[in-house]
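1. Okay, here's the prediction I keep looking at, along with the sequence it came from:
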Amino acid sequence: MDWSALIAPVCVAVTLFFLVRGRIASDLVMAGGISLLVLTGSLSPKDAFSGLASPSILTIALLLVVSQGVIETGLVQWVGPALFGRARSVTVAQARLMLPVAAISAFINNTPLVAMCIPVVQDFAKRTKIAPGKLFIPLTYAATLGGVCSLIGTSTNLVVNEMWTKAGRESFQLFDIAPVGIPVALVGIGYILLAGRWLLPETGKFELANTDPRSYTVEMLVSGAPIAGKSVEAANLRGLEGLYLAEVARGDEIIAPVEPTTLLQANDRLFFVGDVASVVQLQKLRGLSPATNQVKKLGRDRFRQFLVEAVVSDTSPLLGKTLRESRFRNVYGAVVIAIARNGARIENVKLGTVVLKQGDVLLLETKEAFMNAYGSSREFLLVRRIEDSEPVRHERAPIAGLILLGVIVTATFQPFGFEMFHAALLGAGLMIATRCCTGTQARRALNVRLIFVIAGSIALGLALEKSGTAGYFAGKLVALSQGNMLATIAALYFATFVLTELLSNATAAALVFPIALQAATAETGGFDPKYAAIIVMIGASASFATPIGYQTNLMVQGPGGYRFSDYMKIGIPLGILTGAVAVTAIWLLAR
């Protein structure tokens, strides 16, 4: 390597320094790094931005849209209770949680899967009376372990596959990494089941989330399965976070207090009391619908509606009037779901007969037109849209399930010459066309920052390869391992494992892959390059040791009540064990 060849590794090193510091957004750091590589002549503009046009990166974006369709239809709510069931011990609960999550994670991106599962696991923890700390790390680790069982399980696998095909090799098939990934997943799950009893904390059990001072009374109607015909406890309506079932109205009969054994029937009217965040989750439950028929009168496209909090001002024409007198729905194009006054709920009064006062907080279901018309109006002191409050389209969950199955089957068997990109493109299009998710939700799911960082990571790896840096380090690695395949693969895994805890998974994979490929094709101690690619996939996904190693680890830190050290206690041994199993599996396959 001459002095000119040092420019690229220096640019990469500077980029990595700022990524590790974390004070600047990762997409901005990556943009700066790519600019340096282009301006110094280390990469041509075409090479620098080639990742953005690559089929693998576009596949990641399309799979995010497919996952969003699964989220918006509540598909996991359909299968979650049936899969997780009930458990009498921590170990059984963890097994019932991890095995299905790992299986699903092989086909759905980890991040939206964990996001979908968090409320389901919270409910699971309450029903089984098990500390959340015993369940949430197993959730994120199971999603990670399942992701290494197929090519589409994680975006990292697709990044490596993209670099693999750019090296002039044939793309991996859907289950080419399964002979290594499945043993890794099974051993990893087994380790958590055995060691979790001692290494996972008893946190989250008695911790209370920050509560909203506004308490609403919300009336819901039992519209059918799976709520109708079950007791309150069996329907998972007992002990809801930030929410409780105050009474049940059945015809002229009022059932209060509500016992866990109370049997719910179709058309029962349930009165819940809780904060706004809890009401949002309540609106998403399958088998319940808003009790007021005014919601239906807003229009047939209920999936375009969302919840809004609006505070009545001192100049509002609503003052001194009831909702019925003000013709609220006709005038504002919104329906009042609940009212809070002075931080307390209004009891024993029907909403339509409440005389509105200054400072009343109205919880509304409405559409975008209301925000445009009254977002800055003097009629309300504050108008706030509640994030992620769109109704779940449960009736489309079977459609989303069929589309997801179609994507998996198409990617596996590749009919009509269709590859993974075609399967993802077809699946994303069908999710939007069948209204499993809207165009707005699909755009929100794309996560442009994530896509740019992943594409930029490929540019960093390409710079190391073109500058000769990858070949230099590959030679040193081969010399250090003395041409021993087992030692070389182990060193590649360890390097990737350490980097993935400091950087993003995709960046770690992009940096190590060119080194791994050249080490595999070295004249001394060379081996089948596909095993080098697979070990990089496994190592880059093994983000177990810290909460910042992978975004799903961070997502469960709050619900599980974890500290930084909790991840290290169980995650570092798991990372080492994962490496041992992966290296052994590859060694046996390559013999």
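-> It's in. Numbers count the residues shown, from 1 in each chain.

2. any weak-confidence spans in the stretch 101-250 of the chain?
-> 112, 115-116, 119, 123, 127, 204-214, 239-241 (pLDDT under 70).

3. 80 instead, please
-> For the stretch 101-250 of the chain, applying pLDDT under 80 flags the ranges 108-120, 122-129, 155, 203-217, 225, 236, 238-244.

4. Let me see the ranges of the helices in it.
-> 110-128, 136-147, 155-166, 178-199 (DSSP state H, counting those that start in this stretch).

5. and the ones you listed, which is most packed in?
-> helix 136-147 (a mean of 29; mean count of other C-beta atoms under 10 Å). Bear in mind the C-beta positions are built from the backbone N, C-alpha and C, glycine included.

6. buried stuff in the host helix or strand of Ile572?
-> Here Ile572 is covered by helix 564-590, with elements defined by DSSP states H and E. For helix 564-590, a neighbour-count test (16 or more other C-beta atoms under 10 Å) marks 566-571, 574-579, 581-586 as buried.

7. tell me how far that helix is from the chain's mean position?
-> How far helix 564-590 lies from its chain's middle: 23 Å, per C-alpha atoms, centre = their mean, to the nearest Å.

8. Who are the packing partners of it?
-> Helices and strands touching helix 564-590, by 3 or more C-beta pairs under 8 Å, 6 or more residues apart in numbering; DSSP states H and E, are helix 136-147, helix 178-199, helix 485-502, helix 529-541.

9. Including distance to Val312, could those helices go into CSV?
-> Below are those laid out as CSV (distance: least, C-beta to C-beta, whole Å):
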stretch, distance to Val312
helix 136-147, 40
helix 178-199, 51
helix 485-502, 51
helix 529-541, 52
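
10. Select, out of the ones you listed, the one closest to Phe416.
-> helix 178-199 (23.8 Å; C-beta to C-beta).

11. just to revisit the earlier point, next, format the helices of the stretch 101-250 of the chain as JSON lines and append distance to Met371.
-> JSON lines is the format used below for the helices of the stretch 101-250 of the chain (distance: least, C-beta to C-beta, whole Å):
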{"stretch": "helix 110-128", "distance to Met371": "25"}
{"stretch": "helix 136-147", "distance to Met371": "34"}
{"stretch": "helix 155-166", "distance to Met371": "33"}
{"stretch": "helix 178-199", "distance to Met371": "45"}
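
12. Select, out of those, the one closest to Gly468.
-> Comparing the helices of the stretch 101-250 of the chain under C-beta to C-beta, the one sitting nearest is helix 155-166, at 16.9 Å.

13. Just the residues contacting that closest one, thanks.
-> Residues outside helix 155-166 that contact it (C-beta atoms under 8 Å, 6 or more residues apart in numbering): 50-51, 54-57, 59-60, 63, 109, 147-148, 150-152, 171-172, 177, 450, 454, 457-458, 461-462, 505-506, 509-510, 513-514, 530, 533, 536-537, 540-541.

14. sorry, back to before: quick one: the helix holding Ile572 to helix 485-502, angle?
-> 150 degrees (axes from the mean of the first three to the mean of the last three C-alpha atoms, to 10 degrees).

15. where do the strands sit along the stretch 201-350 of the chain?
-> 216-222, 243-250, 253-255, 269-274, 288-290, 306-312, 334-341, 344-345 (DSSP state E, counting those that start in this stretch).

16. farthest residue from the center of this protein?
-> Using C-alpha atoms, centre = their mean, the residue of the chain lying farthest from its centre is Gly320. It sits 45.6 Å away.

17. Ser150 and Ala428, how far apart?
-> Between Ser150 and Ala428 the computed distance is 18 Å (C-beta to C-beta, to the nearest Å).

18. Same check on Phe494?
-> 37 Å.

19. More neighbours: which of these two?
-> Ala428 (26 against 15; other C-beta atoms under 10 Å).
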